[in-house]
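# This is a predicted model, with the sequence first.
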Amino acid sequence: MSLIQMSISAAVMIFVITAIRAISINRLPKKTFLALWGLVLVRLLVPFTWPSPFSVYSLAKYSGAGQIGGVPIANVLPVIPVTAAPDAVQNTAAVVGLTPGGWIWGIGLVFCTLYFAIAYIRCRFEFMTSQLVVNEFTVRWLAEHKCRRSIAIRQTSGITAPLTYGIFRPVILMPAETDWTDSKKLQYVLAHEYVHIRRFDGAAKILLTAALCIHWFNPLVWIMYTLANRDLELSCDERVVRMFGETMKSAYALTLIDMEEKKSGLTPLCNHFSKNAIEERIEAIMKIKKTTVCSMIIACAVVAVVGSSFATSAAAAGIPDDFIYIKEDIAVRFVPDPSVYAKYSS
């Protein structure tokens, strides 16, 4: 698939998922939307797809490399007719920047990458000045929350709300003015960050950022980036409520409001209590209900339908009669022109 095909296909998915999210954000388990955004990431980052008779592109009679939905692949390389070679060359040239459009895309990619890289480096330098927190509460909390990866709790004056960074050696960073005697509030805050760590949300944010940098020209990808980051927070909120019980929803919501961050810098690759969409998070917390079998079935059905309908390409067309595709050695055998035999037999 070309970059444009990948982006258009993903844009259709983002539009559909955004509509589903608007209707059912407080009705389905929050993990449902993380799974849906995961499908979009695959479409944005993986340059091939699988054919399916259930694909909307099959229903719309789209097929082949030049159509929306991409090149059909089923465990082997796609069959590409000889006449399609110029188009393939053009697609490759566009990607590597041999056309004006390719140059524009490359410049945008560089600027986006630099933006996030500089923001991360700035934060990283600030985090390096943080101090390790060792007190009775943190020692007990770390002993109760085991993880295969070593977790550190640090604090710094450079932030006003908790956040988590790092993947292999995660760090929970707390504000310098944290009241370490308020154990109730600290339990909620640290539990939220602990869920981020256990779910590798830091890695998810890196993938979201990579997709955004590559598809910076697609406005719907920016929408996905924003909503997916919100859903990471909503899913963690839901998990924390499940951990402590639904009776503490009000207390947790009050903690969230109290810990609302007043940003003084950029933290694009960190997970944190954020001022962004704070009302949506509080509303979602207060509407959390016990997960039922019915809601789980509906959630699985939504993911399956969206995945099979929009994350796949049109069903593979039959192999043309004028050549034979050999799967084992991925070769094409052309039938010689009969005039060749006549030439050498005369």
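Arrived safely, thanks for sending. Numbering: from 1, shown residues only.
# Quick one: the strands in the stretch 51-200 of the chain, in order.
131-132, 152-156, 163-165, 171-175 (DSSP state E, counting those that start in this stretch).
# buried ones in stretch 115-132?
115-116, 119-120, 123, 126-127, 130 (16 or more other CB atoms under 10 Å). Bear in mind the C-beta positions are built from the backbone N, C-alpha and C, glycine included.
# any idea how far Ile121 is from His196?
21 Å (CB to CB, to the nearest Å).
# low-confidence ranges in the chain?
In the predicted model, the chain carries pLDDT under 70 at residues 60-98, 259-277, 315-346.
# Scan it for its longest helix.
For the chain, the helix that runs over the most residues, judged by DSSP state H, is helix 100-128.
# in the protein, which spans are helices?
Using DSSP H, helices in the chain cover 3-24, 31-45, 56-59, 85-96, 100-128, 136-144, 183-198, 201-214, 219-244, 249-258, 278-286, 293-310, 338-345.
# Export the ones you listed to TSV and append columns for distance to Glu177.
Shown next, in TSV, are the helices of the chain (distance: least, CB to CB, whole Å):
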stretch	distance to Glu177
helix 3-24	36
helix 31-45	33
helix 56-59	53
helix 85-96	49
helix 100-128	16
helix 136-144	15
helix 183-198	13
helix 201-214	25
helix 219-244	23
helix 249-258	12
helix 278-286	20
helix 293-310	40
helix 338-345	86
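# To Ile167, which of those lies closest?
Ile167 lies closest to helix 201-214 among those, at 4.7 Å (CB to CB).
# Packing partners of that closest one?
Applying 3 or more CB pairs under 8 Å, 6 or more residues apart in numbering; DSSP states H and E, one finds that helix 201-214 contacts helix 31-45, helix 100-128, strand 163-165, helix 219-244, strand 271-272.
# can I get the ones you listed in TSV with distance to Leu208?
Output for these, formatted as TSV (distance: least, CB to CB, whole Å):
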stretch	distance to Leu208
helix 31-45	7
helix 100-128	10
strand 163-165	15
helix 219-244	5
strand 271-272	12
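# among those, which is nearest Tyr188?
Across the helices and strands packed on helix 201-214, closest to Tyr188 is helix 219-244 (CB to CB), at 6.5 Å.
# among the strands of the stretch 51-200 of the chain, which is nearest Leu220?
strand 163-165 (27.5 Å).
# The closest one pairs with which strands, parallel or anti?
strand 171-175 (antiparallel), strand 271-272 (antiparallel) (DSSP bridges).
# quick one: buried residues of that strand?
Neighbour-count burial for strand 163-165 [16+ other CB under 10 Å]: 163-165.
# now do stretch 211-231
211-218, 220-221, 224-225, 227-231.
# hmm, back to that, looking at the strands paired with strand 163-165, which is closest to Met6?
Distance to Met6, taken as CB to CB, is lowest for strand 271-272 among these, at 27.0 Å.
# residues contacting Ile257?
Ile257 sits next to 278, 282 when contact means CB atoms under 8 Å, 6 or more residues apart in numbering.
# Okay, and the beta partners of Ala152?
Under the criterion used here (DSSP bridges), Ala152 is bridged to Val171.
# residues near it, how many?
15 (other CB atoms under 10 Å).
# that older thread, nearest to Ala176, out of the helices and strands packed on helix 201-214?
Here helix 100-128 is closest among these (CB to CB), at 12.0 Å.
# ok so, going back, can I get the buried residues of stretch 115-132 in a markdown table with distance to Ala253?
A markdown table is the format used below for those (distance: CB to CB, whole Å):
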| residue | distance to Ala253 |
| --- | --- |
| Tyr115 | 33 |
| Phe116 | 31 |
| Ala119 | 29 |
| Tyr120 | 30 |
| Cys123 | 27 |
| Glu126 | 29 |
| Phe127 | 28 |
| Ser130 | 28 |
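# Farthest pair within those?
Among the buried residues of stretch 115-132, Tyr115 and Ser130 lie farthest apart (CB to CB), at 23.8 Å.
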